[in-house]
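> no sequence for this one, just the structure:
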(Lines give C-alpha, C1' and ligand atoms only; values in the text may rest on other atoms or scores of the structure.)
Protein backbone atom coordinates (compact mmCIF):
# COMPACT_ATOMS: atom_id res chain seq x y z
CA UNK A 1 0.00 0.00 0.00
CA UNK A 2 2.85 2.38 0.85
CA UNK A 3 4.51 1.73 -2.53
CA UNK A 4 1.21 2.33 -4.36
CA UNK A 5 0.77 5.69 -2.61
CA UNK A 6 4.36 6.63 -3.44
CA UNK A 7 3.85 5.79 -7.11
CA UNK A 8 0.63 7.83 -7.27
CA UNK A 9 2.41 10.73 -5.57
CA UNK A 10 5.23 10.78 -8.13
CA UNK A 11 2.79 10.44 -11.03
CA UNK A 12 0.80 13.47 -9.85
CA UNK A 13 3.88 15.57 -9.12
CA UNK A 14 5.51 14.65 -12.44
CA UNK A 15 2.43 15.44 -14.48
CA UNK A 16 1.91 18.74 -12.64
CA UNK A 17 5.50 19.86 -13.17
CA UNK A 18 5.42 19.05 -16.88
CA UNK A 19 2.22 21.05 -17.27
CA UNK A 20 3.69 24.01 -15.41
CA UNK A 21 7.15 23.95 -16.96
CA UNK A 22 5.93 23.35 -20.50
CA UNK A 23 4.41 26.84 -20.54
CA UNK A 24 7.66 28.49 -19.46
CA UNK A 25 10.05 26.38 -21.51
CA UNK A 26 8.04 27.11 -24.66
CA UNK A 27 8.73 30.80 -24.11
CA UNK A 28 12.36 30.80 -23.03
CA UNK A 29 14.21 27.61 -24.04
CA UNK A 30 13.65 26.61 -27.65
CA UNK A 31 15.42 23.96 -29.73
CA UNK A 32 15.54 25.38 -33.26
CA UNK A 33 16.12 22.87 -36.09
CA UNK A 34 19.60 22.72 -37.64
CA UNK A 35 21.05 20.48 -40.35
CA UNK A 36 21.49 17.50 -37.99
CA UNK A 37 18.03 17.78 -36.41
CA UNK A 38 15.32 15.21 -36.94
CA UNK A 39 12.54 17.70 -36.25
CA UNK A 40 11.40 20.61 -38.38
CA UNK A 41 9.71 22.95 -35.92
CA UNK A 42 10.87 24.99 -32.94
CA UNK A 43 10.33 22.84 -29.85
CA UNK A 44 10.71 23.63 -26.14
CA UNK A 45 13.66 21.86 -24.53
CA UNK A 46 15.27 21.54 -21.11
CA UNK A 47 12.52 19.34 -19.64
CA UNK A 48 15.22 17.19 -18.07
CA UNK A 49 15.29 19.70 -15.23
CA UNK A 50 11.96 18.17 -14.18
CA UNK A 51 13.71 14.80 -13.91
CA UNK A 52 16.04 16.49 -11.43
CA UNK A 53 13.22 18.00 -9.37
CA UNK A 54 11.45 14.65 -9.08
CA UNK A 55 14.76 13.00 -8.19
CA UNK A 56 15.46 15.59 -5.47
CA UNK A 57 12.05 14.97 -3.96
CA UNK A 58 12.87 11.26 -3.89
CA UNK A 59 16.28 11.88 -2.28
CA UNK A 60 14.94 14.15 0.48
CA UNK A 61 11.90 12.00 1.24
CA UNK A 62 14.15 8.95 1.63
CA UNK A 63 16.91 10.95 3.39
CA UNK A 64 19.51 9.36 1.14
CA UNK A 65 21.47 12.57 0.78
CA UNK A 66 24.61 11.01 -0.68
CA UNK A 67 22.63 10.56 -3.91
CA UNK A 68 22.71 14.34 -4.32
CA UNK A 69 26.13 13.80 -5.92
CA UNK A 70 24.30 12.73 -9.10
CA UNK A 71 22.50 16.06 -9.39
CA UNK A 72 25.16 18.59 -10.57
CA UNK A 73 25.35 17.19 -14.09
CA UNK A 74 21.64 17.89 -14.61
CA UNK A 75 22.16 21.50 -13.55
CA UNK A 76 25.11 21.77 -15.93
CA UNK A 77 22.98 20.27 -18.69
CA UNK A 78 20.21 22.77 -18.07
CA UNK A 79 22.67 25.65 -18.22
CA UNK A 80 23.91 24.20 -21.50
CA UNK A 81 20.32 24.04 -22.80
CA UNK A 82 19.96 27.74 -22.01
CA UNK A 83 23.39 29.23 -22.71
CA UNK A 84 25.15 26.64 -24.95
CA UNK A 85 28.29 26.00 -22.90
CA UNK A 86 31.50 25.21 -24.77
CA UNK A 87 32.30 21.52 -25.20
CA UNK A 88 35.57 21.67 -23.24
CA UNK A 89 33.81 23.14 -20.19
CA UNK A 90 31.06 20.53 -20.38
CA UNK A 91 33.61 17.72 -20.43
CA UNK A 92 35.50 19.25 -17.52
CA UNK A 93 32.43 19.48 -15.26
CA UNK A 94 31.20 16.06 -16.36
CA UNK A 95 34.59 14.68 -15.36
CA UNK A 96 34.36 16.31 -11.93
CA UNK A 97 30.90 14.88 -11.37
CA UNK A 98 32.03 11.40 -12.42
CA UNK A 99 34.97 11.61 -10.03
CA UNK A 100 32.75 12.38 -7.03
CA UNK A 101 30.17 9.76 -8.00
CA UNK A 102 32.95 7.18 -8.27
CA UNK A 103 34.37 8.16 -4.89
CA UNK A 104 31.06 8.30 -2.98
CA UNK A 105 28.69 5.81 -4.60
CA UNK A 106 30.37 3.09 -6.62
CA UNK A 107 31.21 -0.38 -5.37
CA UNK A 108 34.83 -1.02 -6.31
CA UNK A 109 34.77 -4.30 -4.38
CA UNK A 110 33.29 -5.91 -7.51
CA UNK A 111 36.80 -5.67 -9.03
CA UNK A 112 38.47 -7.47 -6.10
CA UNK A 113 39.24 -10.58 -8.17
CA UNK A 114 40.71 -8.65 -11.07
CA UNK A 115 44.50 -8.48 -11.08
CA UNK A 116 44.78 -4.74 -11.72
CA UNK A 117 45.71 -1.79 -9.57
CA UNK A 118 42.96 0.30 -8.01
CA UNK A 119 44.28 3.33 -9.87
CA UNK A 120 44.06 1.66 -13.28
CA UNK A 121 40.55 0.37 -12.56
CA UNK A 122 39.52 3.85 -11.45
CA UNK A 123 40.71 5.28 -14.76
CA UNK A 124 38.76 2.65 -16.71
CA UNK A 125 35.62 3.29 -14.67
CA UNK A 126 36.02 7.04 -15.15
CA UNK A 127 36.32 6.67 -18.94
CA UNK A 128 33.28 4.40 -19.00
CA UNK A 129 31.32 7.02 -17.05
CA UNK A 130 32.30 9.82 -19.42
CA UNK A 131 31.45 7.60 -22.38
CA UNK A 132 28.04 6.59 -21.01
CA UNK A 133 27.00 10.17 -20.33
CA UNK A 134 27.90 11.35 -23.81
CA UNK A 135 26.64 8.25 -25.63
CA UNK A 136 23.20 8.67 -24.05
CA UNK A 137 23.32 12.34 -25.00
CA UNK A 138 24.24 11.46 -28.60
CA UNK A 139 21.23 9.15 -28.85
CA UNK A 140 18.74 11.80 -27.81
CA UNK A 141 17.80 12.79 -31.34
CA UNK A 142 14.41 11.21 -32.03
CA UNK A 143 11.10 11.57 -30.22
CA UNK A 144 10.80 9.05 -27.41
CA UNK A 145 14.02 7.18 -28.20
CA UNK A 146 16.13 7.74 -25.08
CA UNK A 147 13.14 8.12 -22.75
CA UNK A 148 11.55 4.78 -23.73
CA UNK A 149 14.81 2.83 -23.47
CA UNK A 150 15.80 4.41 -20.16
CA UNK A 151 12.31 3.81 -18.80
CA UNK A 152 12.75 0.08 -19.38
CA UNK A 153 16.27 0.00 -17.91
CA UNK A 154 15.46 2.02 -14.79
CA UNK A 155 12.12 0.31 -14.15
CA UNK A 156 13.89 -3.04 -14.26
CA UNK A 157 16.52 -1.77 -11.84
CA UNK A 158 13.89 -0.36 -9.48
CA UNK A 159 11.79 -3.53 -9.43
CA UNK A 160 14.88 -5.60 -8.67
CA UNK A 161 16.08 -3.29 -5.89
CA UNK A 162 13.06 -2.74 -3.63
CA UNK A 163 11.72 0.16 -5.74
CA UNK A 164 14.97 2.07 -5.38
CA UNK A 165 14.95 5.18 -7.61
CA UNK A 166 11.32 4.45 -8.58
CA UNK A 167 10.80 8.17 -9.19
CA UNK A 168 12.98 8.07 -12.32
CA UNK A 169 10.99 5.52 -14.40
CA UNK A 170 7.79 7.23 -13.28
CA UNK A 171 8.88 10.67 -14.47
CA UNK A 172 10.12 9.12 -17.73
CA UNK A 173 6.74 7.44 -18.24
CA UNK A 174 4.93 10.76 -17.82
CA UNK A 175 7.52 12.50 -20.00
CA UNK A 176 6.79 10.10 -22.87
CA UNK A 177 3.27 11.53 -23.11
CA UNK A 178 4.93 14.82 -24.04
CA UNK A 179 7.94 13.46 -25.93
CA UNK A 180 6.37 10.73 -28.07
CA UNK A 181 6.10 11.72 -31.70
CA UNK A 182 5.20 14.39 -32.52
CA UNK A 183 7.09 15.66 -29.46
CA UNK A 184 5.73 18.67 -27.63
CA UNK A 185 8.90 19.00 -25.57
CA UNK A 186 12.49 17.68 -25.45
CA UNK A 187 14.51 16.61 -22.42
CA UNK A 188 17.63 18.48 -23.59
CA UNK A 189 21.11 17.94 -22.18
CA UNK A 190 19.69 18.43 -18.69
CA UNK A 191 17.84 15.17 -19.17
CA UNK A 192 20.12 13.04 -21.33
CA UNK A 193 23.31 13.65 -19.35
CA UNK A 194 21.46 13.14 -16.06
CA UNK A 195 20.07 9.80 -17.29
CA UNK A 196 23.58 8.89 -18.46
CA UNK A 197 25.13 9.39 -15.04
CA UNK A 198 22.29 7.47 -13.36
CA UNK A 199 22.97 4.60 -15.77
CA UNK A 200 26.65 4.83 -14.79
CA UNK A 201 25.65 4.64 -11.13
CA UNK A 202 23.36 1.62 -11.44
CA UNK A 203 25.93 -0.29 -13.51
CA UNK A 204 28.73 0.05 -10.96
CA UNK A 205 26.73 -0.02 -7.73
CA UNK A 206 25.90 -3.70 -8.13
CA UNK A 207 26.98 -6.37 -5.69
CA UNK A 208 29.21 -8.17 -8.20
CA UNK A 209 30.87 -7.63 -11.56
CA UNK A 210 28.59 -10.16 -13.27
CA UNK A 211 25.54 -8.03 -12.42
CA UNK A 212 27.28 -4.88 -13.63
CA UNK A 213 28.08 -6.46 -16.99
CA UNK A 214 24.47 -7.64 -17.32
CA UNK A 215 23.19 -4.07 -16.92
CA UNK A 216 25.77 -2.85 -19.41
CA UNK A 217 24.69 -5.45 -21.97
CA UNK A 218 21.03 -4.66 -21.39
CA UNK A 219 21.70 -1.04 -22.36
CA UNK A 220 23.62 -2.09 -25.50
CA UNK A 221 20.98 -1.15 -28.15
CA UNK A 222 21.65 2.52 -27.42
CA UNK A 223 25.34 2.18 -26.62
CA UNK A 224 26.32 0.05 -29.63
CA UNK A 225 24.84 2.59 -32.03
CA UNK A 226 26.95 5.37 -30.52
CA UNK A 227 30.11 3.25 -30.33
CA UNK A 228 29.89 1.94 -33.89
CA UNK A 229 29.16 5.41 -35.25
CA UNK A 230 32.11 6.89 -33.35
CA UNK A 231 34.49 4.20 -34.60
CA UNK A 232 33.30 4.46 -38.19
CA UNK A 233 33.76 8.23 -38.20
CA UNK A 234 37.22 7.86 -36.68
CA UNK A 235 38.39 5.32 -39.26
CA UNK A 236 36.91 7.49 -42.01
CA UNK A 237 39.20 10.24 -40.70
CA UNK A 238 36.28 12.48 -39.74
CA UNK A 239 36.37 14.89 -36.83
CA UNK A 240 34.59 12.83 -34.20
CA UNK A 241 33.80 15.96 -32.18
CA UNK A 242 31.98 17.74 -35.01
CA UNK A 243 28.15 17.64 -35.29
CA UNK A 244 26.71 15.00 -37.62
CA UNK A 245 23.66 12.85 -38.31
CA UNK A 246 25.26 9.48 -38.97
CA UNK A 247 23.96 7.34 -36.12
CA UNK A 248 21.95 4.39 -37.30
CA UNK A 249 18.78 5.76 -35.71
CA UNK A 250 19.23 9.03 -37.62
CA UNK A 251 19.86 7.30 -40.93
CA UNK A 252 16.83 5.05 -40.45
CA UNK A 253 14.72 8.17 -40.00
CA UNK A 254 16.34 9.88 -42.99
CA UNK A 255 15.33 6.92 -45.15
CA UNK A 256 11.67 7.25 -44.21
CA UNK A 257 11.12 5.49 -40.88
CA UNK A 258 8.94 7.47 -38.49
CA UNK A 259 10.19 8.60 -35.10
CA UNK A 260 7.95 6.18 -33.26
CA UNK A 261 8.96 3.24 -35.46
CA UNK A 262 12.67 3.73 -34.78
CA UNK A 263 12.07 4.31 -31.07
CA UNK A 264 9.96 1.15 -30.83
CA UNK A 265 12.67 -0.91 -32.56
CA UNK A 266 15.31 0.20 -30.05
CA UNK A 267 12.95 -0.12 -27.06
CA UNK A 268 11.90 -3.62 -28.15
CA UNK A 269 15.54 -4.69 -28.33
CA UNK A 270 16.18 -3.24 -24.86
CA UNK A 271 13.08 -4.98 -23.48
CA UNK A 272 14.19 -8.24 -25.10
CA UNK A 273 17.58 -8.02 -23.40
CA UNK A 274 16.01 -6.91 -20.12
CA UNK A 275 13.84 -10.02 -19.98
CA UNK A 276 16.78 -12.34 -20.60
CA UNK A 277 19.01 -10.46 -18.17
CA UNK A 278 17.06 -12.25 -15.42
CA UNK A 279 18.77 -15.47 -16.41
CA UNK A 280 21.92 -13.95 -14.85
CA UNK A 281 23.84 -15.79 -17.53
CA UNK A 282 26.59 -13.81 -19.25
CA UNK A 283 26.93 -16.33 -22.09
CA UNK A 284 23.24 -16.03 -22.95
CA UNK A 285 23.29 -12.25 -22.65
CA UNK A 286 26.47 -11.89 -24.69
CA UNK A 287 24.99 -14.09 -27.42
CA UNK A 288 21.77 -12.07 -27.48
CA UNK A 289 23.71 -8.81 -27.57
CA UNK A 290 25.53 -10.11 -30.65
CA UNK A 291 22.13 -11.01 -32.10
CA UNK A 292 20.94 -7.44 -31.52
CA UNK A 293 24.12 -6.17 -33.19
CA UNK A 294 23.46 -8.40 -36.22
CA UNK A 295 19.91 -7.07 -36.36
CA UNK A 296 21.42 -3.60 -36.45
CA UNK A 297 23.55 -4.66 -39.43
CA UNK A 298 20.40 -5.89 -41.15
CA UNK A 299 18.72 -2.52 -40.57
CA UNK A 300 21.88 -0.79 -41.77
CA UNK A 301 21.91 -2.70 -45.03
CA UNK A 302 18.21 -2.73 -45.83
CA UNK A 303 16.60 0.30 -44.21
CA UNK A 304 19.13 3.07 -43.51
CA UNK A 305 20.65 5.66 -45.82
CA UNK A 306 24.36 4.90 -46.46
CA UNK A 307 26.85 5.96 -43.80
CA UNK A 308 28.86 7.74 -46.47
CA UNK A 309 26.79 10.20 -48.45
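Yep, that arrived. Predicted model only: the values in this text are computed from it and were never measured. Numbers count the residues shown, from 1 in each chain.
> please name the nearest non-neighbouring residue to residue 29.
Distance criterion C-beta to C-beta, 6 or more residues apart in numbering; nearest residue to residue 29, sequence neighbours excluded, is residue 46 at 4.3 Å. Where C-beta positions appear, they are placed from N, C-alpha and C, glycine not excepted.
> now swap in residue 93 and tell me
Closest to residue 93 by C-beta to C-beta, 6+ apart is residue 76, at 5.0 Å.
> which secondary structure elements does the longest helix anywhere in the chain contact?
In the chain, assigned by DSSP state H, the helix with the most residues is helix 2-28. Secondary-structure packing of helix 2-28 (3 or more C-beta pairs under 8 Å, 6 or more residues apart in numbering; DSSP states H and E): strand 43-44, helix 48-62, helix 167-179.
> okay if I get these as TSV plus mean pLDDT and mean neighbour count?
Formatted as TSV, those follow (pLDDT from 0 to 100; neighbours: other C-beta atoms under 10 Å):
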stretch	mean pLDDT	mean neighbour count
strand 43-44	93	22
helix 48-62	97	19
helix 167-179	97	23
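> between the ones you listed, which gets nearest to residue 91?
helix 48-62 (18.3 Å; C-beta to C-beta).
> okay, the angle between the following helix or strand past that closest one and helix 48-62?
Counting by DSSP states H and E, the next helix or strand C-terminal to helix 48-62 is helix 72-83. Relative orientation of helix 72-83 versus helix 48-62 (axes from the mean of the first three to the mean of the last three C-alpha atoms, to 10 degrees): 150 degrees.
> tell me the angle of helix 72-83 relative to helix 2-28?
Counting by the same axes, to 10 degrees, helix 72-83 lies at 20 degrees to helix 2-28.
> what residues sit buried inside helix 72-83?
72, 73, 74, 76, 77, 78, 79, 80, 81, 82 (16 or more other C-beta atoms under 10 Å).
> show me how far it is from its chain's centre.
Its chain's C-alpha centre and that of helix 72-83 lie 15 Å apart, by C-alpha atoms, centre = their mean, to the nearest Å.
> what helices or strands is that helix leaning on?
Packing partners of helix 72-83 (3+ C-beta pairs under 8 Å, 6+ apart): helix 48-62, helix 87-104, helix 188-204.
> now these in TSV, with distance to residue 282?
Converted to TSV, the helices and strands packed on helix 72-83 look like this (distance: least, C-beta to C-beta, whole Å):
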stretch	distance to residue 282
helix 48-62	31
helix 87-104	24
helix 188-204	14
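> still on that earlier bit, quick one: buried residues of the longest helix of the chain?
6, 10, 13, 14, 15, 17, 18, 21, 22, 25.
> if we can go back for a sec, the residue nearest to residue 29 should be in a strand, yeah?
No: counting by DSSP: H, G, I helix; E, B strand; the rest coil, residue 46 is not found in a strand; it is coil.
> isn't it right up against residue 192?
No: judged on C-beta atoms under 8 Å, residue 46 makes no contact with residue 192 at a distance of 11.1 Å.
> tell me how far the residue nearest to residue 93 lies from residue 241.
18 Å (C-beta to C-beta, to the nearest Å).
> do residue 305 as well
In this view, residue 305 and residue 241 are 23 Å apart by C-beta to C-beta.
> those two: which is more packed in?
residue 305 (16 against 10; other C-beta atoms under 10 Å).
> surely that one meets residue 249?
No: the pair residue 305 and residue 249 does not pass the contact test of C-beta under 8 Å, sitting 11.8 Å apart.
> next helix or strand past the longest helix of the chain?
strand 30-31.
> tell me which other helices or strands that following strand touches.
Contacts defined by 3+ C-beta pairs under 8 Å, 6+ apart place strand 30-31 against strand 43-44.
> neighbouring strands - and their directions - for the strand it packs on?
Applying DSSP bridges to the sheet, strand 43-44 is found paired with strand 30-31 (antiparallel).
> against residue 202, how distant is the residue nearest to residue 101 when sequence neighbours are not counted?
Counting by C-beta to C-beta, 6+ apart, residue 69 is the residue found nearest to residue 101 once chain neighbours are left out, at 5.5 Å. With distances taken as C-beta to C-beta, residue 69 is found 14 Å from residue 202.
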